[in-house]
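Chemist: Make a model of this:
(one chain, ligands or ions: 3)
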Amino acid sequence: MGSSGVSWTLPDHPKLPKGKPVAVVVLDGWGEADADQYNCIHVAETPTMDLLKKGAPEKWKLVKAHGTAVGLPSDDDMGNSEVGHNALGAGRIFAQGAKLVDTALASGKIFEGEGFKYIKECFDQGTLHLIGLLSDGGVHSRLDQLQLLLNGASANGAKKIRVHILTDGRDVLDGTSVGFVETLENDLSQLRAKGIDACIASGGGRMYVTMDRYENDWDVVKRGWDAQVLGEAPHKFQNAVEAVKTLRAETKANDQYLPPFVIVDDSDKAVGPIVDGDAVVTFNFRADRMVMIAKALEYEDFDKFDRVRVPKIRYAGMLQYDGELKLPSHYLVSPPEIERTSVYELFRHETVKFGHVTFFWNGNRSGYFDETKEEYVEIPSDSGITFNVKPKMKALEIAEKARDAILSGKFDQVRVNLPNGDMVGHTGDIEATVVACKAADEAVKMILDAIEQVGGIYVVTADHGNAEDMVKRNKSGQPQLDKKGEIQILTSHTLQPVPVAIGGPGLHSGVRFRNDVQTPGLANVAATVMNLHGFEAPADYEPTLIEVVDN
Ligand SMILES: O=C(O)[C@@H](CO)OP(=O)(O)O
Ligand SMILES: [Mn+2]
Ligand SMILES: [Mn+2]
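Modeler: Ligands and ions are numbered 1, 2, ... in the order given. Prediction:
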């Protein structure tokens, strides 16, 4: 019996047998949308997924992967890997970071909590530094939350504030960084009018500065450390709007990949290095891309790069990012308590998405539940390139590992994340995304063939949309043109539903999708998978998608 009083010993499913190997395949960024030239999944040859779709309605269906169905504040919020895999793994809908932070800010409780009190100790003598993603994308952070944090911190005694921005262009349109920086500059000038010494101190593009994940490339975090902590960067400007405009024009980098810069004063001195006695808050709520910087800021023993100078600071995350490592130890808002997730088994994945089917699936917990029963395999990603250069990524290698794991007979479940549709979709390169989709489809085929050989079962689904729609649309669904009359490429995720397909020789012949589950979503998948392993799901899980009819 767990502490919550719910038994972990799952009852037998009355009709479905145990012992059939189950492959759970998650296509990252693979939604369902109308067919047109901007739907890369439609344009690509995807015979495997096309065939699965023919199984509708009994063996293929669409489920919601965005908004309230995955614990986000509203149905205008697109899905993402964190909330998608959390729902897939946990089988229940938890209020996610975005929503928890909204609530804590709205009630003002955030400013009464332990985390805020901890950093507040520095406000008299030190500077408050806020580091995070500057956009309204709502995947990792939100501008309106930053604004409320700035106002609340100054109302609670912060006298000197430095903001270290990371430009987006991945959850929002490329080029929007300029507008976000202008808005923030305006907010900061209003604070200055109230006598608070507040300004932007450094910046850089999220994919090149700070926001790496799963220890893929520590240089990314080092570039951020140099700019934010040491006040050193290859580019220096006196004004952040000018910095972003100039770097976009001169280096041709997009918002995601802007090089690091620092803001300097008239005598060329950085305006906001982090020094002894300062407070630091990383204001992203989402975990994966904050874990590495959190380690650099918090750990005394740290050898991933030379930090040169390690200031004695009080550091808090917006949330605690890793429940296993308890990292960081101070945080402004408690993360969702995602307990009793559906894990027993094994997965396959690539570094850039390594933690998605492990860390996220397990409720933002790194490490194994039971090392004797699980094996995690990470396929290292290509690093130092944008994924439109190699859109096939490591799909083949991932599929081979998964195939071998299935054929080995050692595992009850093999879980795989195929990142192509998402990672290449984020580059906005339509041709490359088409290649990516085809590669993912081929990988699925290899895994399904292995399941066929061992008499197993497959569940193929996705965590959110991306590759199925690569253009910004107006309300009537037509591509929206910008002032120059050009289409606007959508690098972000979407609000589209995603498929779930079941099958394989091990699937009991009476199994079919029910049609009585109200607004099915990703959280319904966990109970479904448990049934396919021959168990009833815990009573508090979202209902299973399947029923078993006599035939
Ligand atoms: O790359 C990321 O961090 C997000 C988009 O911001 O994508 P995903 O949720 O698919 O990981
Ligand atoms: Mn994803
Ligand atoms: Mn993504």
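Chemist: The residue nearest to Glu536 when sequence neighbours are not counted: neighbouring residues, count only.
Modeler: Nearest non-adjacent residue to Glu536, counting by C-beta to C-beta, 6 or more residues apart in numbering: Pro11, 4.5 Å away. Any C-beta I mention is one placed from the backbone N, CA and C, and that applies to glycine too. Neighbour count for Pro11, taken as other C-beta atoms under 10 Å: 11.
Chemist: List phi and psi for Pro11.
Modeler: phi -70, psi 160 (degrees, to the nearest 10).
Chemist: Look up phi and psi at Ile161.
Modeler: Dihedral angles of Ile161 (phi, psi; degrees, to the nearest 10) stand at phi -130, psi 130.
Chemist: Name the residue of the stretch 1-150 of the chain that lies nearest to ligand 2.
Modeler: Residue of the stretch 1-150 of the chain nearest ligand 2, by C-beta to the ion: Ser81 (3.1 Å).
Chemist: residues touching the closest residue to that residue other than its chain neighbours, list them.
Modeler: In this structure, Ser81 finds its nearest non-sequential neighbour in His356, 4.9 Å apart by C-beta to C-beta, 6+ apart. For His356, the contact set (C-beta atoms under 8 Å, 6 or more residues apart in numbering) comprises 26, 28, 81, 85, 288, 349, 417, 419, 463.
Chemist: Now for the residue of the stretch 201-350 of the chain found nearest ligand 2: which residues touch it?
Modeler: Distances between the stretch 201-350 of the chain and ligand 2 by C-beta to the ion are smallest at Asp288, namely 10.3 Å. By C-beta under 8 Å, 6+ apart, Asp288 lies in contact with 81-82, 213-214, 321, 355-356, 359-360.
Chemist: Any figure for the gap between it and Tyr38?
Modeler: Look at Asp288 and Tyr38: by C-beta to C-beta, to the nearest Å, they are 28 Å apart.
Chemist: three-state assignment of Ile165?
Modeler: For Ile165, the assignment made with DSSP: H, G, I helix; E, B strand; the rest coil gives strand.
Chemist: how far away is it from ligand 1?
Modeler: From Ile165 over to ligand 1 the distance is 16 Å, taken as C-beta to the nearest ligand atom, to the nearest Å.
Chemist: That residue contacts Ser202, correct?
Modeler: Yes: counting by C-beta atoms under 8 Å, Ile165 does reach Ser202; the two are 7.5 Å apart.
Chemist: between those two, which one's more packed in?
Modeler: The residue with more neighbours, out of Ile165 and Ser202, is Ser202; 33 against 30, by other C-beta under 10 Å.
Chemist: buried ones in the helix ranked longest in the chain?
Modeler: When the chain is parsed with DSSP state H, its longest helix is helix 430-454. Along helix 430-454, these residues count as buried under the neighbour rule (16 or more other C-beta atoms under 10 Å): 430, 432-448, 450-451, 454.
Chemist: Likewise for stretch 209-227?
Modeler: Here stretch 209-227 shows 209-214, 216-218, 220-227 as buried, counting by 16+ other C-beta under 10 Å.
Chemist: Please narrow those to those residing in helices.
Modeler: Members of those lying in helices (criterion: DSSP H): 218, 220-225.
Chemist: domains of this protein?
Modeler: The chain breaks down into these domains under automatic domain parsing: 22-95+338-548, 98-333.
Chemist: Could you tell me the least trusted of the ones you listed?
Modeler: Here the domains of the chain differ in mean pLDDT, and the lowest is domain 22-95+338-548 at a mean of 93.
Chemist: how about the residues of the protein near ligand 1?
Modeler: When proximity is defined as C-beta under 6 Å from any ligand atom, the chain approaches ligand 1 at 28-29, 80-81, 139-140, 170-171, 289, 422.
Chemist: In PyMOL, how would I select just the buried ones from those residues?
Modeler: In PyMOL, a selection of the buried entries from those looks like this (16+ other C-beta under 10 Å):
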select buried, resi 28+29+80+81+139+140+170+171+289+422
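Chemist: Rebuild the residues of the chain next to ligand 1 as a markdown table, extending it with secondary structure.
Modeler: As requested, the residues of the chain next to ligand 1 are exported to a markdown table (three-state DSSP):
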| residue | secondary structure |
| --- | --- |
| Asp28 | coil |
| Gly29 | coil |
| Asn80 | coil |
| Ser81 | helix |
| Val139 | coil |
| His140 | coil |
| Arg170 | coil |
| Asp171 | coil |
| Arg289 | helix |
| Asp422 | helix |
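Chemist: Is the closest residue to Pro497 other than its chain neighbours bridged to anything, and to what?
Modeler: Distances taken as C-beta to C-beta, 6+ apart put Leu62 closest to Pro497, at 4.1 Å, once the chain neighbours are dropped. Leu62 forms beta bridges with Pro499, as assigned by DSSP bridges.
Chemist: Alright, that wraps it up for me.
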